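J.: Any chance you can model this:
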Amino acid sequence: MEKEDSAPPSTPVTTKIARVYQTCLDRTVPHLIPRWVAFSALYLLYFVRVYILKGWYIVTYALAIYHLNLFIAFLSPKVDPSAYSDDSDDEGPELPTKSGEEFRPFIRRLPEFKFWHSAVKAILIATFCTFFELFNVPVFWPILVMYFIILFCVTMKRQIKHMIKYRYLPFTTGKTKYKGKEDTGKVFSS
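T.: Got it, this is the predicted structure:
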C-alpha cells in the first residue's frame, strides 16, 4: 500500500496564482507604514459595514479575539524564558544587564509581517462572512463588548507581568547609534 501525499496536486494555474500572490506579498514587505494604514482602512470599512447592517456581532467578536491572540503572540518571545526557570529560582533567566553578559536579542514568536498578513486575512474572511445570513446570530452586543474588554485586560495584565518578570521589552527603537567626539576643526600633528 502506497503512502498518499497530503498536498493536493498542483496545476500550472494554481502554481502561477500562488507565485503572483507571493510576489505581491514580497513587494509589500519593506513598506511597513502603508501596510498598517491599509490594515486600519480595512478594519474601518469592516466596522462601517457591520454598523450599517446592524448585525454579525459574533463574527466581529471572533475577529477581535483572533486579533488579540495574534497580538499576544507578537508580544511574546519565541523562546519562553519561563521554560528555562528552575523551581528553586523564582526569577528565571533574564536578559543581560551588564556589559560582560551575552547579548540575546528579542525574537518574536510571531514576526510583524506574519502578524499583519494573518490579521488582514482574518478581516477579509470576516467581511466575507457578513454576506451570509447564516453568520448573523442574534446576540446582545454590549455583553460581547464587555467580555472582550475583560478578556483584553486580564490577558494584557498577565503578559505585562511576564514581561516584567523576565525583563524583556518587545519594542525596540532600532540599532543604537553612538556619537563620536565633536569635530572642532583643529588638526593635531605630531
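J.: just how off-centre is the one helix or strand in the chain whose mean pLDDT sits lowest within its chain?
T.: Least confident helix or strand, the chain: helix 12-28 with a mean of 89, by mean pLDDT, DSSP states H and E. Averaging C-alpha positions (Cα atoms, centre = their mean, to the nearest Å) puts helix 12-28 23 Å from its chain's average.
J.: Quick one: residues in contact with it.
T.: Ser10, Pro34, Arg35, His117 (Cβ atoms under 8 Å, 6 or more residues apart in numbering). All C-beta spots, glycine's among them, are computed from the backbone N, C-alpha and C.
J.: Next secondary structure after the strand or helix carrying the third one?
T.: Secondary-structure assignment from DSSP states H and E places Arg35 in helix 32-53. If you walk from helix 32-53 toward the C-terminus, the next helix or strand you reach (DSSP H and E) is helix 57-75.
J.: Buried residues, the helix holding Arg35. List them.
T.: Applying a neighbour-count criterion of 16 or more other Cβ atoms under 10 Å, one finds Arg35, Phe39, Leu42, Tyr43, Tyr46, Arg49, Val50 buried in helix 32-53.
J.: Check stretch 140-155 too.
T.: Trp141, Leu144.
J.: Quick check: mean pLDDT of it?
T.: Averaged across stretch 140-155, the pLDDT comes to 94.
J.: Just the C-alphas of that stretch, formatted as PDB.
T.: In PDB, the C-alpha atoms belonging to stretch 140-155 read as follows (Å, rounded to 0.1, in the frame of the first residue of the first chain):
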ATOM      1  CA  PHE A 140     -27.000  41.400  22.800                       C
ATOM      2  CA  TRP A 141     -23.700  43.000  21.600                       C
ATOM      3  CA  PRO A 142     -22.900  45.000  24.800                       C
ATOM      4  CA  ILE A 143     -22.300  41.700  26.600                       C
ATOM      5  CA  LEU A 144     -19.800  40.700  23.900                       C
ATOM      6  CA  VAL A 145     -18.000  44.100  24.200                       C
ATOM      7  CA  MET A 146     -17.900  43.700  28.000                       C
ATOM      8  CA  TYR A 147     -16.500  40.100  27.600                       C
ATOM      9  CA  PHE A 148     -13.800  41.300  25.200                       C
ATOM     10  CA  ILE A 149     -12.800  44.200  27.400                       C
ATOM     11  CA  ILE A 150     -12.400  41.900  30.400                       C
ATOM     12  CA  LEU A 151     -10.500  39.300  28.400                       C
ATOM     13  CA  PHE A 152      -8.200  42.000  27.000                       C
ATOM     14  CA  CYS A 153      -7.500  43.400  30.400                       C
ATOM     15  CA  VAL A 154      -6.800  40.100  32.000                       C
ATOM     16  CA  THR A 155      -4.600  38.900  29.100                       C
END
